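>>> can't give you the sequence, but here's the structure:
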């Protein structure tokens, strides 16, 4: 503790270091806020520019896509629905071969989905549970956008239909599937707390856009999503419980053209006991849009300044010989270096936290005021991003200090730290490297630590371009951060060993 | 006045050996620095003085032997600056930090009150520049700051490497007085120098080293007496006759100048008696005096690592 206090006194009595650290914090704030101010968004409805419509939000608070065709009735109290899915077909628009001529092929995208659903209301983002069959991922039970449980694999055909059943009992919804309508297997259970007494129950179909990721000219990748639709045919539809009214068709969340008509509308048909439902869109968490961490792009620049200060904090002592005075005062070499690490980490964390908190709080406000849609995240996630990025700066400072102690040269240590931490991140997040190489870099180098800022998770049941370029890291936030911490600890350990072995 | 525990006020160096590649820097270095005395640590450049000091301070590890400060190895001391104050390299400062701030972090590291900082600044006469950046300090000012740092913990042992370096004549007088008074308070003081003349008035004892080991460990007065070797200097206008007169008494006579002789093997009274009996006129008969410098050169003649050929 005495050693830390001494190191803290050392740090704050060199005005250059204090000013540099303040400058690092200022750079983070200014770059974040200025890029937020420069980002304006508006949505065009034909020639008229208007504010973008609000993105629906799911029960968990996340932004969602909630767009599908729903054939439904009202169900009061407990009850259920059973239906046999006999066919699932669809079409996918591919890049035009002849310019101006639509190139449409038959087929289903992997996460095209159709099945039975219980939904709180027809309002986008309302709670739901569904048992469904997908284009390529078999039967699933999904609820409230982010939850997904796998059932049996395989698709459906006239010869191999799939029976689906969903029952409601209070807040509990249970999904079943069957090959023959006699032997039923439970797929999953969902608890939808606060589900109202009367819900909508029925059949649905949806088909997310066809995602294509192509190699970019400069080595990065370009992703594009194209129109698809899915058509499901149901028969043997049976409802239990107290249903009221007739079947109603709703194109939930359909995009409206300026004249009020739906763009790419879904549709439904009925003949006798057979229902045909065609849907466009997806029922899933949204992964497209601005993320809160986008405001923190200045951290990378601030980081370089932090690295320089942290390296100087030790190499300056080697250059002017003060290291020997330091070791006279604190003869325990490990203790001395740890005290330095604690000090530089502490001051960097404090400065970084102030910077990241101000930037994220005001940056997102400015973005929203400018009409940008920001993918909402929980308070806890926001705290993790703000504190995590400050912690990243602090741990990076420790890594830089340790490399400074190992190399004893300022220039070499700064270059080494930047090569380990900054360069991999820049390479991986600018369209320079193929996705696989970018993922590898962000898994094995200290730059993995940047994962701490990812606010929107990867969803296994949503096909997306989960590349570093799009802000998705290969490792989970804390796992990535642990990689960085591992490097810092290793470097510090080596520095202590070397310091103990060598004469000062 | 401060009372120092004599047990605390010692440095014991015993059997230090250290090799840097092919060079044997320390070759069985052993000596003790006692309380209440200023011990001069002297030897030619490369004799192992600085290495010994670094080993005492735990900066360098010896291959063999041990060094204790107040009976304990330096690295085992929790607040080492309260046990021994050391000045190794006065230039080792962060230039943008002020003198006061430099002492302040040292004080924090030893859990010393900041009041102590202002006391030692005053003691070394740096009060007027205490808040100035040390980058602008002269060598003499840095030396004073280094001494302030050594005094900070009010330690029973002080060890200063070439403390006179860069000081002006006034500063030299000041530091001699300071070292005297520190020893007078019962502290053990070790100062190194490669110039014996610097130690002549400052040290009570001398540890003379060469080629990594102690050549002499003695009091200053004894060393001079030993170097004089009981010889007598004789000044006369008739050196040949004097020589003849003394040769009868089987004394060894060396002519050292046109009218000076050095006589060995006879006390001064016998020389006077013989000359008087022989009727040889003489101007002066005196016990031969050597300077500390000469005594030292005699001792280190074989031990000097680097000797000029010119």
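Everything's here; your move. This is a predicted model, so every value here is computed, not measured. Numbering: from 1, shown residues only, chains lettered A, B, ... in the order given.
>>> For residue B:17, which residues are in contact?
By Cβ atoms under 8 Å, 6 or more residues apart in numbering or on different chains, the residues touching residue B:17 are B:24, B:26-29, B:62-65, B:212. Backbone N, C-alpha and C define where each C-beta goes, glycine included.
>>> Of those residues, grab the buried ones for ChimeraX.
Applying 16 or more other Cβ atoms under 10 Å in any protein chain shown to the contacts of residue B:17 leaves a buried subset, and the ChimeraX line that selects it is:
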select /B:24,26,27,29,62,65,212
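>>> what would the contacts of residue B:17 look like in TSV with secondary structure, distance to residue A:497 and pLDDT?
Compiled in TSV, those are given as follows (DSSP: H, G, I helix; E, B strand; the rest coil; distance: Cβ to Cβ, whole Å; pLDDT from 0 to 100):
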residue	secondary structure	distance to residue A:497	pLDDT
B:24	strand	27	91
B:26	strand	25	94
B:27	strand	29	94
B:28	strand	30	94
B:29	strand	28	95
B:62	coil	20	94
B:63	coil	20	95
B:64	strand	23	95
B:65	strand	24	96
B:212	coil	29	92
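>>> ok, the contacts of residue B:17 vs chain A, which is closest?
Proximity of the contacts of residue B:17 to chain A (Cβ to the nearest Cβ) peaks at residue B:62, which lies at 10.0 Å.
>>> what's near enough to touch residue B:176?
With Cβ under 8 Å, 6+ apart, residue B:176 has these contacts: B:201-202.
>>> hmm, back to that, greatest separation within the contacts of residue B:17: which pair is it?
Within the contacts of residue B:17, B:24 and B:65 form the most distant pair, 12.9 Å apart (Cβ to Cβ).
>>> residues in chain A within reach of chain B, list them.
Applying Cβ under 8 Å from any Cβ of the partner chain, we find that chain A lies next to chain B at A:2-3, A:5-10, A:13-16, A:316-317, A:320-322, A:324-325, A:327-332, A:503-504.
>>> List buried members of these by neighbour count.
A:2-3, A:5-10, A:13-14, A:316-317, A:320, A:322, A:324-325, A:327-332, A:504.
>>> I'd like to know which of those are part of helices.
A:2-3, A:5-10, A:316-317, A:320, A:322, A:324-325, A:327-329 (DSSP state H).
>>> where's residue 141, which helix or strand?
Using chain A. Using DSSP states H and E, residue A:141 falls within strand A:139-143.
>>> looking at chain B here, not the other one
Taking DSSP H and E as the definition, residue B:141 sits inside helix B:139-151.
>>> So what touches that helix?
Helix B:139-151 is contacted by residues A:325, B:81, B:85-87, B:89-91, B:93, B:99, B:102-103, B:106, B:120-121, B:123-126, B:129, B:134, B:137, B:158-160, B:163, B:165-168, B:171, B:175, B:178 when judged by Cβ under 8 Å, 6+ apart.
>>> Take those and keep only those in strands.
B:85-87, B:158-160 (DSSP state E).
>>> If we only consider those, which is nearest to chain A?
residue B:86 (6.1 Å).
>>> tally of neighbours for residue 170?
Let's take chain A. As a burial measure, residue A:170 scores 12 neighbours (other Cβ atoms under 10 Å in any protein chain shown).
>>> I was thinking of chain B, sorry if that wasn't clear
Residue B:170 has 10 nearby residues by other Cβ under 10 Å.
>>> and the gap between it and residue B:38?
Distance, residue B:170 to residue B:38, using Cβ to Cβ, to the nearest Å: 20 Å.
>>> per-residue pLDDT, residue A:371?
Listed pLDDT for residue A:371 reads 85.
>>> From chain B, how far out is it?
Distance from residue A:371 to chain B, counting by Cβ to the nearest Cβ, to the nearest Å: 48 Å.
>>> Show me the chain divided up by domain.
Unless you meant another one, I'm taking chain A. A:2-29+A:290-457+A:465-501, A:64-285 (automatic domain parsing).
>>> you looked at the wrong chain, it should be chain B
Here the domain parsing of chain B from automatic domain parsing is B:11-220, B:230-287.
>>> what mean pLDDT does the shortest one have?
Domain B:230-287 comes out with an average pLDDT of 82.
>>> can you give me how far that domain is from the chain middle?
36 Å (Cα atoms, centre = their mean, to the nearest Å).
>>> circling back: now, of the ones in strands among the contacts of helix B:139-151, which are buried?
By neighbour count, with 16+ other Cβ under 10 Å, the ones in strands among the contacts of helix B:139-151 hold B:85-87, B:158-160 as buried.
>>> Dump the contacts of residue B:17 to TSV, plus distance to residue A:27.
Shown next, in TSV, are the contacts of residue B:17 (distance: Cβ to Cβ, whole Å):
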residue	distance to residue A:27
B:24	54
B:26	52
B:27	57
B:28	59
B:29	54
B:62	49
B:63	50
B:64	54
B:65	54
B:212	54
